[in-house]
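Participant: my questions are about this predicted structure, shown below with the sequence.
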Amino acid sequence: MSRIHRLQSIIGVIILLSPAMASADVSCWGRNNNGQCDVPEDMPPVEAVAAGGYHTAALLGDGRVTCWGSNSQQQCDVPPALAGVVEIACGSRHTMALKSTGAVVCWGWNTDGQCDVPGSLGDVIGISGGERHSIALRDDGSVTCWGSNTYGQSSPPSLSTVVQVSAGNNHSLALLGDGTVVAWGRNDMGQCDVPADIGIVIDLSAGGDHSLALLDDGSVVAWGRNNRGQCDVPAELGSVTVVAAGHLHSLVLQSDETIACWGSEEYGLSQPPISLHGVLDLDAGFYHSTLLSPSMGACCFGENCSQVVEEDCVGSEDAIWLGEGSDCESCTSSIGSCCVGTGCSQLSEITCAELGGIWTAGGSCDDCEPSCMADVNGDAVVDVLDLIEVIGAWGSCP
């Protein structure tokens with residue numbers, strides 16, 4: 001179900017998604033009956049996210065993994081010694097981790113051996129988890145599957161030029177280096193019937209019983225089960241950069257950094273969070289979705305405020321950044337008059353202190369009138385410099 005957290009070129013070169021190590025926010029929406037959308041507070045920097053059946057996982061910047069949501073099958077019991085992880089994936093009720101060594105670790109539901117990683121498996125560069133099966137892509141372009149094989153989902157054809165894999169409920173997809181797609185497994189809904197004239201594919205995702213493909217021109221093609229409109233690609237869809245298929249919904253990231261969803265409208269699946277900027281990673285689970293975006297904060301300018309990332313605030317004239325996680329309600333109390341010499345600006349207390357000024361919470365620049373009338377230049381000292389100021393202005397007052 002979980003898509004691989006990387007983009008692939010059609011010539012077989014792996015292009016890793018590389019979010020900046022600055023703080024980022026994890027957002028979830030959709031069904032939350034098991035807390036799968038209750039993102040833990042104060043998480044360390046996150047590099048990637050994955051959505052399962054009823055749980056969510058995050059890859060931390062230090063190579064560790066954290067999970068939340070349903071733990072009915074220990075899918076959230078991350079092995080305590082697990083480290084050096086470079087990629088994560090979620091099945092319906094199991095979780096997968098790819099280590100920098102090329103080894104794969106799985107935990108959670110194991111009724112069909114979906115967590116029994118083959119002992120001979122190594123040199124893995126990509127992973128994906130289905131309902132009850134798992135897929136690994138090796139660096140020689142071959143594919144290894146394990147777990148349930150009821151519908152042949154764990155019996156891939158002989159392949160040697162694969163650059164991406166994706167596991168759906170009971171079917172599997174592979175993207176080859178020439179941009180073609182190979183599918184195997186259950187096909188009762190046409191989820192394995194890859195359109196003959198599909199074109200050159202650069203990203204793909206297997207959902208519940210449908211499949212998504214991103215073409216090299218930025219368009220999206222879908223096929224398979226369409227009982228909730230999950231294959232009805234919106235006509236107004238912009239140029240797409242990443243696709244992710246859930247159980248009954250579809251999710252894409254567009255080149256303008258906005259998210260588009262379609263399919264089932266249950267649980268708000270087709271209503272992603274607003275005010276997103278620079279999405280770094282995304283994934284679609286059974287009935288929820290998750291994404292990773294840069295941390296936002298309050299940017300105060302005059303009497304207005306916007307929730308933006310820091311770089312969009314500090315580059316704006318007269319704008320004041322209150323820090324990650326701050327809200328616009330803080331702008332009123334955090335901005336006041338800053339008296340520096342005879343000048344005045346509306347600044348935050350911290351910025352005013354850096355300038356060596358005197359700050360008045362919520363005050364106006366009228367508060368900057370000197371308390372000592374003889375201190376004309378406002379340097380807190382009455383001396384000949386004040387007299388020079390007076391002589392310089394001689395005859396200029398009305």
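Facilitator: Yes, it's here.
Participant: check which helix or strand covers the residue nearest to Asp116 when sequence neighbours are not counted.
Facilitator: In space, and not counting its chain neighbours, Asp116 is closest to Trp146: 6.2 Å by Cβ to Cβ, 6 or more residues apart in numbering. Any C-beta I mention is one placed from the backbone N, CA and C, and that applies to glycine too. If you go by DSSP states H and E, Trp146 is part of strand 143-147.
Participant: quick one: average pLDDT of that strand?
Facilitator: On average, the pLDDT along strand 143-147 is 98.
Participant: before we move on, what about stretch 235-249?
Facilitator: Averaging pLDDT along stretch 235-249 gives 95.
Participant: alpha carbons of that stretch, as CSV, please.
Facilitator: Extracted C-alpha coordinates of stretch 235-249, given in CSV (Å, rounded to 0.1, in the frame of the first residue of the first chain):
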residue,chain,number,x,y,z
ALA,A,235,-9.5,17.2,-15.6
GLU,A,236,-8.2,20.3,-13.9
LEU,A,237,-5.2,18.5,-12.3
GLY,A,238,-2.0,20.4,-12.7
SER,A,239,1.4,19.1,-13.5
VAL,A,240,2.1,16.3,-11.0
THR,A,241,5.4,15.3,-9.4
VAL,A,242,4.4,12.4,-7.0
VAL,A,243,1.5,9.9,-6.9
ALA,A,244,0.2,7.8,-3.9
ALA,A,245,-2.8,5.4,-4.0
GLY,A,246,-4.8,4.6,-0.9
HIS,A,247,-7.5,1.9,-0.5
LEU,A,248,-10.4,4.0,-2.0
HIS,A,249,-8.7,7.3,-2.8
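Participant: how about low-confidence regions in the stretch 201-350 of the chain?
Facilitator: 274-277, 302-303, 307, 315-318, 325, 332-335, 342, 348, 350 (pLDDT under 70).
Participant: now do the strands in it.
Facilitator: When secondary structure is read from DSSP state E, counting those that start in this stretch, the stretch 201-350 of the chain shows strands at 201-206, 210-215, 220-224, 240-245, 249-254, 259-263, 281-284, 288-294, 297-301, 304-308, 320-324, 335-340, 343-348.
Participant: now those strands in a markdown table, with distance to Val194?
Facilitator: Formatted as a markdown table, the strands of the stretch 201-350 of the chain follow (distance: least, Cβ to Cβ, whole Å):
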| stretch | distance to Val194 |
| --- | --- |
| strand 201-206 | 9 |
| strand 210-215 | 8 |
| strand 220-224 | 7 |
| strand 240-245 | 14 |
| strand 249-254 | 16 |
| strand 259-263 | 20 |
| strand 281-284 | 20 |
| strand 288-294 | 24 |
| strand 297-301 | 45 |
| strand 304-308 | 41 |
| strand 320-324 | 43 |
| strand 335-340 | 57 |
| strand 343-348 | 56 |
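Participant: and the gap between Val220 and Ile127?
Facilitator: 23 Å (Cβ to Cβ, to the nearest Å).
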